[in-house]
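Engineer: My questions concern the predicted model and sequence given below.
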Amino acid sequence: GVFSAIAIGLPAGMAALIAGMQPLLTAALVGPLLGERVTGRQWGGLALGLVGVVMVLWEKLTVGTIPPLALLLALGALLGITVGTLYQKRHCTGMDLRTGTAIQYLATSAVLAVLAPPVVALLAGPLLPQSFTRDSGRLSVSLLQPNTAQDDKFDPDKAREILHWHRERLGQARGTLVITPESSIPLPAMVLDDSWHAALRQPFQGGERAALLGIFLGDEQRGFTNSLIALSATSGLEDPDRAYAYGKRHLLPFGEFIPPGFGWFVSMMNIPIGDQARGSSIAALEVGGQRIRPVICYEDLFAEDMVDSVVGDRPATVFANATNLAWFGTLMVQDQHLQFSRMRALEFQRPMVRATNTGITGVVDHQGVLVDRLPSAVEGVLETEVQGRVGVTPYARWLASLGLWPLPLVALALLAALALPGGRRGAAGRAGQRQ
């Protein structure tokens with residue numbers, strides 16, 4: 001703890017002074033915990049010793065901005081050595097010195113056996129390979145942020161206004177790929193007439209550009225799916241069954257699907273299209289020499305569902321997240337959701353472009369850094385570029401082959417290791433009390 005505190009910014013003199021408080025802390029606790037009395041002469045000797053420590057360290061004592069974590073580590077070290085001293089005094093006074101020393105070494109070795117590998121890996125990290133993917137080219141993208149209030153999204157009187165906004169912005173966008181937020185057009189495609197199908201697709205019918213449009217696909221019989229459909233020369237709303245489309249696979253209870261027995265609750269809440277069908281395809285959209293893997297809303301939380309897109313033949317080179325967080329206003333959920341995207345980008349070393357209704361619309365590069373964005377809670381279009389990547393990270397290989405199951409297994413093993421010794425000590429203590 002002391003050395004870690006010094007490493008992250010605690011002055012060495014201050015760390016030594018905190019550790020030097022150990023005799024005083026031990027003396028203060030020995031009475032209430034062990035029932036021993038510290039005499040006035042002993043207190044005087046302890047105080048004199050502390051004065052000596054201060055005199056020795058005086059020239060090295062500097063007071064400045066101390067990182068809270070560094071101070072916490074130093075205090076933790078002080079508490080640890082104090083507790084160890086009290087435990088040894090209570091339970092080990094009659095123990096043979098050689099036996100006690102051997103036990104201490106064994107206990108330390110056991111702790112180091114657990115802690116050493118991650119610590120060594122952490123320290124050696126900068127020396128290990130950092131890049132596992134390579135450049136696959138650049139793609140210009142236009143990311144739409146309508147900033148439509150949630151109360152307006154499903155208001156029938158606002159539907160035509162929303163449609164006109166999308167027709168204009170899709171026509172004005174300059175990117176090879178244009179992306180709207182999820183359910184950006186909050187209507188089933190089947191209720192739009194052919195003129196709207198053609199108008200929305202028109203900017204992309206010629207050439208090699210494409211758009212991913214957030215809309216509901218399906219019908220009353222099959223159910224409606226929260227989808228991103230491609231508008232391009234070969235894909236459009238006129239024939240959704242033949243078009244490229246990605247449907248949301250992870251649905252939110254009470255908002256996107258009804259758990260058994262709770263139909264009454266969703267009806268009472270009057271949630272539009274509150275019982276949706278799940279998507280099934282994870283195919284990538286090919287545009288501008290890149291392969292785009294869409295995810296909708298919080299699906300970027302699930303790395304295990306995204307990993308199949310970055311391994312094997314023809315892997316995705318760019319992730320695209322379309323989301324609507326207008327439900328939550330401008331609260332911290334926008335920043336929290338951005339952290340999901342940044343983590344997935346870093347794990348797979350793939351960029352993530354984000355088109356959101358109210359924020360945060362932007363580009364996260366393959367190192368998890370937000371490199372471009374629009375301000376939140378404003379209407380706009382972000383014209384930017386993204387660099388695609390190909391290759392497989394060690395984490396992606398592990399996740400693709402083993403999944404997440406080793407992590408719960410390790411967690412259960414650690415819980416068992418912590419619980420079993422405690423159970424034995426508790427049983428031994430109860431047996432001692434009975435005797």
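Structural biologist: Thanks, I have it. Numbers count the residues shown, from 1 in each chain.
Engineer: can you tell me the helix or strand for the spatially most central residue of the chain?
Structural biologist: Closest to where the C-alpha atoms of the chain average out (C-alpha atoms, centre = their mean) is residue 340, at 4.1 Å. Residue 340 is part of helix 333-348 when elements are defined by DSSP states H and E.
Engineer: Give me the distance from that helix to the chain's centre.
Structural biologist: 5 Å (C-alpha atoms, centre = their mean, to the nearest Å).
Engineer: Ok, stretch 154-170 next?
Structural biologist: 33 Å.
Engineer: Keeping just the C-alphas, turn it into PDB.
Structural biologist: Provided in PDB are the C-alpha atoms of stretch 154-170 (Å, rounded to 0.1, in the frame of the first residue of the first chain):
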ATOM      1  CA  PHE A 154     -45.400   9.200 -31.100                       C
ATOM      2  CA  ASP A 155     -47.700  12.200 -31.500                       C
ATOM      3  CA  PRO A 156     -49.800  11.600 -34.700                       C
ATOM      4  CA  ASP A 157     -49.900  15.400 -35.300                       C
ATOM      5  CA  LYS A 158     -46.100  15.500 -35.500                       C
ATOM      6  CA  ALA A 159     -45.600  12.500 -37.800                       C
ATOM      7  CA  ARG A 160     -45.600  14.500 -41.100                       C
ATOM      8  CA  GLU A 161     -43.200  17.100 -39.600                       C
ATOM      9  CA  ILE A 162     -40.800  14.200 -38.600                       C
ATOM     10  CA  LEU A 163     -41.000  12.700 -42.100                       C
ATOM     11  CA  HIS A 164     -40.300  16.000 -43.800                       C
ATOM     12  CA  TRP A 165     -37.300  16.600 -41.500                       C
ATOM     13  CA  HIS A 166     -35.800  13.200 -42.500                       C
ATOM     14  CA  ARG A 167     -36.500  13.600 -46.200                       C
ATOM     15  CA  GLU A 168     -34.600  17.000 -46.100                       C
ATOM     16  CA  ARG A 169     -31.700  15.800 -44.000                       C
ATOM     17  CA  LEU A 170     -31.200  12.600 -45.900                       C
END
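Engineer: quick one on the thing from earlier: I figured the residue nearest to the centre of the chain was touching residue 303, is that so?
Structural biologist: No. Between residue 340 and residue 303 there is no contact under C-beta atoms under 8 Å: 9.4 Å. C-beta coordinates here come from the backbone N, C-alpha and C atoms, glycine included.
Engineer: where's the strand or helix carrying residue 77 relative to the chain centroid, distance-wise?
Structural biologist: Using DSSP H and E, residue 77 sits within helix 68-91. Computed by C-alpha atoms, centre = their mean, the chain-centroid distance of helix 68-91 equals 33 Å.
Engineer: Quick check: what element follows that helix along the chain?
Structural biologist: Defined by DSSP H and E, the subsequent element after helix 68-91 is helix 97-124.
Engineer: any idea how far that next one is from the chain center?
Structural biologist: Remark: helix 97-124 is offset 31 Å from the chain centroid, using C-alpha atoms, centre = their mean.
Engineer: mean confidence for it?
Structural biologist: The pLDDT scores in helix 97-124 average 74.
Engineer: how many other residues sit next to residue 209?
Structural biologist: 21 (other C-beta atoms under 10 Å).
Engineer: OK, contacts around it?
Structural biologist: Contact partners of residue 209, counting by C-beta atoms under 8 Å, 6 or more residues apart in numbering, are 175, 176, 177, 178, 203, 232, 287, 288.
Engineer: how many other residues sit next to the residue nearest to the second one when sequence neighbours are not counted?
Structural biologist: What it means is residue 176. Using C-beta to C-beta, 6 or more residues apart in numbering and skipping residues adjacent in sequence, the residue nearest residue 176 is residue 288, 4.0 Å away. Neighbour count for residue 288, taken as other C-beta under 10 Å: 20.
Engineer: what do you get for the one 10 residues further on?
Structural biologist: Taking other C-beta under 10 Å as the criterion, the count of residues near residue 298 is 17.
Engineer: wait, doesn't it sit right on residue 249?
Structural biologist: No. Contact between residue 298 and residue 249 fails when scored by C-beta under 8 Å: they sit 11.3 Å apart.
Engineer: For the residue nearest to residue 176, grab phi and psi.
Structural biologist: Residue 288 has phi and psi values of phi 60, psi 30 when expressed as degrees, to the nearest 10.
Engineer: so what's it up against?
Structural biologist: 137, 139, 140, 176, 177, 208, 209.
Engineer: Report the secondary structure element holding residue 354.
Structural biologist: strand 352-356.
Engineer: which secondary structure elements does that strand contact?
Structural biologist: Contact here means 3 or more C-beta pairs under 8 Å, 6 or more residues apart in numbering; DSSP states H and E; on that basis strand 352-356 packs against strand 133-145, strand 318-323, helix 333-348, strand 362-364.
Engineer: Report the angle between the longest one and strand 318-323.
Structural biologist: Using axes from the mean of the first three to the mean of the last three C-alpha atoms, to 10 degrees, the interaxial angle of helix 333-348 with respect to strand 318-323 works out to 160 degrees.
Engineer: what residues does helix 333-348 touch?
Structural biologist: Helix 333-348 is contacted by residues 298, 300-301, 303, 306-307, 310, 319, 321, 323, 325, 328, 350-352, 354, 356, 358-360, 362, 364-370, 376, 393, 395-396 when judged by C-beta under 8 Å, 6+ apart.
Engineer: For the helix holding residue 340, C-alpha coordinates in CSV please.
Structural biologist: Listed next in CSV are the C-alpha coordinates belonging to helix 333-348 (Å, rounded to 0.1, in the frame of the first residue of the first chain):
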residue,chain,number,x,y,z
VAL,A,333,-27.3,8.1,-18.9
GLN,A,334,-26.0,9.7,-22.1
ASP,A,335,-22.4,9.5,-20.7
GLN,A,336,-23.0,6.1,-19.3
HIS,A,337,-24.2,4.7,-22.7
LEU,A,338,-21.1,6.3,-24.4
GLN,A,339,-18.9,4.3,-22.0
PHE,A,340,-20.5,1.1,-23.4
SER,A,341,-19.6,2.1,-26.9
ARG,A,342,-16.1,3.1,-25.9
MET,A,343,-15.5,-0.2,-24.1
ARG,A,344,-16.7,-2.3,-27.0
ALA,A,345,-14.5,-0.3,-29.4
LEU,A,346,-11.5,-0.9,-27.2
GLU,A,347,-12.1,-4.6,-26.7
PHE,A,348,-12.5,-5.3,-30.4
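Engineer: Now do the buried residues in that helix.
Structural biologist: With burial defined by 16 or more other C-beta atoms under 10 Å, the residues of helix 333-348 counted as buried are 334, 337, 338, 340, 341, 342, 343, 344, 345, 346, 347, 348.
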